[in-house]
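Colleague: For reference, the sequence and a predicted model appear below.
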Number of protein chains: 2
Amino acid sequence: ILNFDKDLFGVILFLQRLQQQLQTQPGSLPFDEILYCNIGNPQSLGQQPVTFFREVLALCDHPDLLKKEEIKTLFSADSISRAKQILALIPGRATGAYSHSQGIKGLRDAIASGIASRDGFPANADDIFLTDGASPGVHLMMQLLIRNEKDGILVPIPQYPLYSASIALHGGSLVPYYLNESTGWGLEISDVKKQLEDARSRGIDVRALVVINPGNPTGQVLAEENQYDIVKFCKNEGLVLLADEVYQENIYADNKKFHSFKKIVRSLGYGEEDLPLVSYQSVSKGYYGECGKRGGYMEITGFSAPVREQIYKIASVNLCSNITGQILASLVMNPPKASDESYASYKAEKDGILASLARRAKALEVAFSKLEGITCNKAEGAMYLFPQICLPQKAIEAAKAANKAPDAFYALRLLESTGIVVVPGSGFGQVPGTWHFRCTILPQEEKIPAIISRFTVFHETFMAEYRD
Amino acid sequence: ILNFDKDLFGVILFLQRLQQQLQTQPGSLPFDEILYCNIGNPQSLGQQPVTFFREVLALCDHPDLLKKEEIKTLFSADSISRAKQILALIPGRATGAYSHSQGIKGLRDAIASGIASRDGFPANADDIFLTDGASPGVHLMMQLLIRNEKDGILVPIPQYPLYSASIALHGGSLVPYYLNESTGWGLEISDVKKQLEDARSRGIDVRALVVINPGNPTGQVLAEENQYDIVKFCKNEGLVLLADEVYQENIYADNKKFHSFKKIVRSLGYGEEDLPLVSYQSVSKGYYGECGKRGGYMEITGFSAPVREQIYKIASVNLCSNITGQILASLVMNPPKASDESYASYKAEKDGILASLARRAKALEVAFSKLEGITCNKAEGAMYLFPQICLPQKAIEAAKAANKAPDAFYALRLLESTGIVVVPGSGFGQVPGTWHFRCTILPQEEKIPAIISRFTVFHETFMAEYRD
């Protein structure tokens, strides 16, 4: 169940061949464009960047502009003042210099203040490590936690494959726990405990628990009570809690709200001594979706001074994260306020994107749920649906004959027939004998009907061919 | 001799304490500013970014500007046309999207064409992997080459500590070879061969040879004949050649010229079958010095298809490098041409920076050479001088009593007395019993006289205290 890599990579290679064929032999395929539902990469599909953020980045990239009168007609007043403010935080106003290995101190202050107003609990710039997206922060912690193959990390299944890849890279053991599909991908402490004890009985020193909230690929938003249980469990078992919270702004269900694990920990009255916690945030997700800027941070709390020094040392090997990404991370944690000139247009852009994502999620969920043998949980958050397909035995045998996982076989057939790219569940892990695919909600809204109708026709044809 | 980390980190921690003390208790130290000669970070010391590059970045960050008439008074005509050209190369003009894991294809084409005109031999976009600075590319290759502690990598001593850190991180063995200080830090094949055979006799599978040219920390530029010998040696011994060429634009000696190893390999008539070669380039160095943008690339040639696929797979775990850095890498490899509007100002900025760096290198070299017990090779290239200090026995004993390497002891004394930060030779490795420090040539030109006079007074006082 954990051969993530082979199945994921098979789809990527096939996709690259098709992309080439579309260019070199147009008309030779049964579709004339690829419909990307495979990667959480909103701007590649036409989502526009938030204007205020880009105005500030442009001014910081070319600070000489700030000396010119003409910029007042080209940039909003608050983007100009924000850029000036940010440049004043950067030693020598040098956006082209390596920064402190944790990131520019003034930007970390701004991020800490954004975290504090999100959570209602204080945050500290010394706890912030700015990173090139969330991935390097995950690698850094895995490097710290894993000494050899006897060190284990609890990871949800299904999971985002960064975790399996990073654990493998650092030579540790992935200890899987299963999310419960029948309760909307709930995290059941009893299962986590069982897996933990089982791993310990095999001599694995389980060091940390990964939680992805909102979920990837599963799109659930954890209930607050569930989060309290997770935190208490980590404290009781002496586990580091690695909280992947990069989808914190992507919430679509009216009855759900994002609570950071930092807030949950502090709400329980736990302080620095009680629980080592790492929270990951990224500029790639949210309504901003600035994947190409590779910005993000991790907030680390509850680690001893020697461990913190070790984390700093590892961070300093690569010098620092990119400054554009650092600036953007400070912006997404401190967007325009109601009194700012940009606020109205900023708010309209943000709300427009999030409302449209919610509509797309709903439309796809409804469409998938109508299909024979497919069940689909709600996308409460994140950018994904992860429907289960009950594949006929004949399809499973055909997949076996083609040396493919059954869901990879399904996804490849879908791709070659329709140009729709989804990721097979095998790429994320799933309960043995169940099959899924991950479909993003990111294609532009006007493409959703075509995706639904092409998908429906494909699925019906597939079932007609393989129905037992 | 290879305890790089402890000595380097001691200086960094002490420096951070002093920085804080200067802020919180001004006047409490014998100097009122830190003079940074420790890191190759030009813009942190006042070097201004090249205007053309920043104009293009600002326009790419906020493409809506391109629709406005007013930009014609704010941006050069060729920065506007270049930004349009670059946006046209990016799928969906989306500078906020993850790119292909090797980097945006059109930008790789541009870089390949820049390489081809530099070398006079063709280059291929498929061989380019864009990275967040050179460091991640080095880690990637170490991850690929090192399976366990029996896999060895030949590394020059003195070396840039990224190499020791990356080899340690991936669990391999660093096989040191010594640069010859008495021939201006020449690389002697006979020594490399001796070290290779010695390592092999200890059961080490030596997989690659690292060459840093121009040298860091040593500042030499390899002679063309020497490069031919290195390439032939790698071919004969079946070694991958990892060529760190990030200082390729930083040449100060009139009789020296940079030749890429790719050009040397092709000049020898070697093709894809003959030699696996990785060449690293970065936007952080050169006359541009854009460290904070974290842009760079590696060009890989001579690897088999399965190995290339493996490299691509590892690269894809972290999705892609930052797009601003990708764009900048394409710009530094394709700067304005003589017919472009920006050319004159671009050329003046570039020549001004490089000429000033050459003057600073010369002034520091002359000053160091005048001091008792110090000998200093020429900085032919890169951004560093690496003088040798013949420390008196009494100083060596005082260092031992303080539990410090003698050159770390010297560097810490220099720092606490003058505020001048240099990096002790122990941080890079050196022939046992010799002591050095690395001093960058990057402080702004008007600060060089103060550095020289403060350094001279310190050194004379130090020698008076410890002279045998």
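Modeller: Looks like it arrived, so ask away. Note that this is a predicted model, so its numbers are computed, not measured.
Colleague: A:Ala405 contacts A:Ala395, doesn't it?
Modeller: No. Counting by C-beta atoms under 8 Å, A:Ala405 does not reach A:Ala395; the two are 11.5 Å apart. (C-beta placed from N, C-alpha, C; glycine too.)
Colleague: For A:Lys447, which three-state class applies?
Modeller: With DSSP: H, G, I helix; E, B strand; the rest coil as the basis, A:Lys447 sits in helix.
Colleague: who touches it in this structure?
Modeller: By C-beta atoms under 8 Å, 6 or more residues apart in numbering or on different chains, the contact list for A:Lys447 reads A:Leu35.
Colleague: From B:Val421, how far off is it?
Modeller: In this view, A:Lys447 and B:Val421 are 56 Å apart by C-beta to C-beta, to the nearest Å.
Colleague: Break down the stretch 351-468 of chain A into its helices, ranges please.
Modeller: A:393-401, A:406-418, A:448-466 (DSSP state H, counting those that start in this stretch).
Colleague: can you list the ones you listed in JSON lines and add mean neighbour count, mean pLDDT and distance to chain B?
Modeller: Shown next, in JSON lines, are these (neighbours: other C-beta atoms under 10 Å in any protein chain shown; pLDDT from 0 to 100; distance: least, C-beta to the nearest C-beta, whole Å):
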{"stretch": "helix A:393-401", "mean neighbour count": "15", "mean pLDDT": "95", "distance to chain B": "23"}
{"stretch": "helix A:406-418", "mean neighbour count": "23", "mean pLDDT": "94", "distance to chain B": "16"}
{"stretch": "helix A:448-466", "mean neighbour count": "16", "mean pLDDT": "97", "distance to chain B": "18"}
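Colleague: Run a quick neighbour tally on A:Ala355.
Modeller: 12 (other C-beta atoms under 10 Å in any protein chain shown).
Colleague: Tell me the confidence at it?
Modeller: With respect to pLDDT, A:Ala355 has a value of 96.
Colleague: neighbours around A:Val317, how many?
Modeller: When neighbours are counted by other C-beta under 10 Å, A:Val317 comes out with 18.
Colleague: Kindly report the same for A:Lys404.
Modeller: With other C-beta under 10 Å as criterion, A:Lys404 counts 20.
Colleague: what does A:Ile420 give?
Modeller: 22.
Colleague: so what's it bridging to?
Modeller: In this structure, A:Ile420 bridges to A:Leu35 when assessed by DSSP bridges.
Colleague: so where do the strands sit in the stretch 151-300 of chain A?
Modeller: Ranges of strands within the stretch 151-300 of chain A are A:151-157, A:173-180, A:186-187, A:205-212, A:240-244, A:277-282, A:296-301, based on DSSP state E, counting those that start in this stretch.
Colleague: now these in JSON lines, with mean pLDDT, distance to chain B and mean neighbour count?
Modeller: Formatted as JSON lines, these follow (pLDDT from 0 to 100; distance: least, C-beta to the nearest C-beta, whole Å; neighbours: other C-beta atoms under 10 Å in any protein chain shown):
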{"stretch": "strand A:151-157", "mean pLDDT": "97", "distance to chain B": "14", "mean neighbour count": "24"}
{"stretch": "strand A:173-180", "mean pLDDT": "96", "distance to chain B": "15", "mean neighbour count": "20"}
{"stretch": "strand A:186-187", "mean pLDDT": "92", "distance to chain B": "25", "mean neighbour count": "20"}
{"stretch": "strand A:205-212", "mean pLDDT": "98", "distance to chain B": "16", "mean neighbour count": "23"}
{"stretch": "strand A:240-244", "mean pLDDT": "98", "distance to chain B": "15", "mean neighbour count": "26"}
{"stretch": "strand A:277-282", "mean pLDDT": "98", "distance to chain B": "11", "mean neighbour count": "27"}
{"stretch": "strand A:296-301", "mean pLDDT": "98", "distance to chain B": "11", "mean neighbour count": "26"}
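Colleague: Spit out the contact partners of the residue nearest the centre of chain A.
Modeller: The residue lying closest to the centre of chain A (C-alpha atoms, centre = their mean) is A:Val246, at 5.0 Å. Listed by C-beta under 8 Å, 6+ apart, the contact partners of A:Val246 are A:134, A:216, A:280-282, A:284-286, A:296.
Colleague: likewise A:Asp205?
Modeller: For A:Asp205, the contact set (C-beta under 8 Å, 6+ apart) comprises A:150-152.
Colleague: ok, is stretch A:54-67 in contact with chain B or not?
Modeller: Yes. Using C-beta under 8 Å from any C-beta of the partner chain, stretch A:54-67 reaches chain B at A:54-55, A:57-59, A:61-62, A:64-65.
Colleague: now do stretch A:376-386
Modeller: No. Applying C-beta under 8 Å from any C-beta, one finds stretch A:376-386 separated from chain B by no less than 12.9 Å.
Colleague: For that stretch, give me every contacting residue.
Modeller: A:40, A:42, A:158, A:181, A:184-185, A:214-221, A:247, A:250-253, A:256, A:258, A:285, A:357, A:361-362, A:364-365, A:368-369, A:387-388, A:425, A:428, A:436-442.
Colleague: Out of those residues, which are close to chain B?
Modeller: Applying C-beta under 8 Å from any C-beta to those, those adjacent to chain B are A:Pro42.
Colleague: In ChimeraX, select just the buried ones from the contacts of stretch A:376-386.
Modeller: Buried members of the contacts of stretch A:376-386, defined by 16 or more other C-beta atoms under 10 Å in any protein chain shown, are picked up in ChimeraX with:
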select /A:40,42,158,181,184,185,214,215,216,217,218,219,220,221,247,250,251,252,253,256,258,285,357,361,364,365,368,387,388,425,428,436,437,438,439,440,441,442
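Colleague: A:Gln43 contacts B:Arg93, correct?
Modeller: No. Using C-beta under 8 Å, A:Gln43 makes no contact with B:Arg93, being 9.4 Å away.
Colleague: Comparing those two, which shows the higher neighbour count?
Modeller: Neighbours per residue (other C-beta under 10 Å) separate A:Gln43 from B:Arg93, with A:Gln43 holding more: 24 against 16.
Colleague: pLDDT score assigned to the more buried one?
Modeller: On the pLDDT scale, A:Gln43 gets 96.
Colleague: The stretch 101-250 of chain A against chain B: which residues are in contact?
Modeller: Counting by C-beta under 8 Å from any C-beta, the residues of the stretch 101-250 of chain A close to chain B are A:132-133, A:135-136, A:139, A:143, A:162, A:165-166, A:169, A:171.
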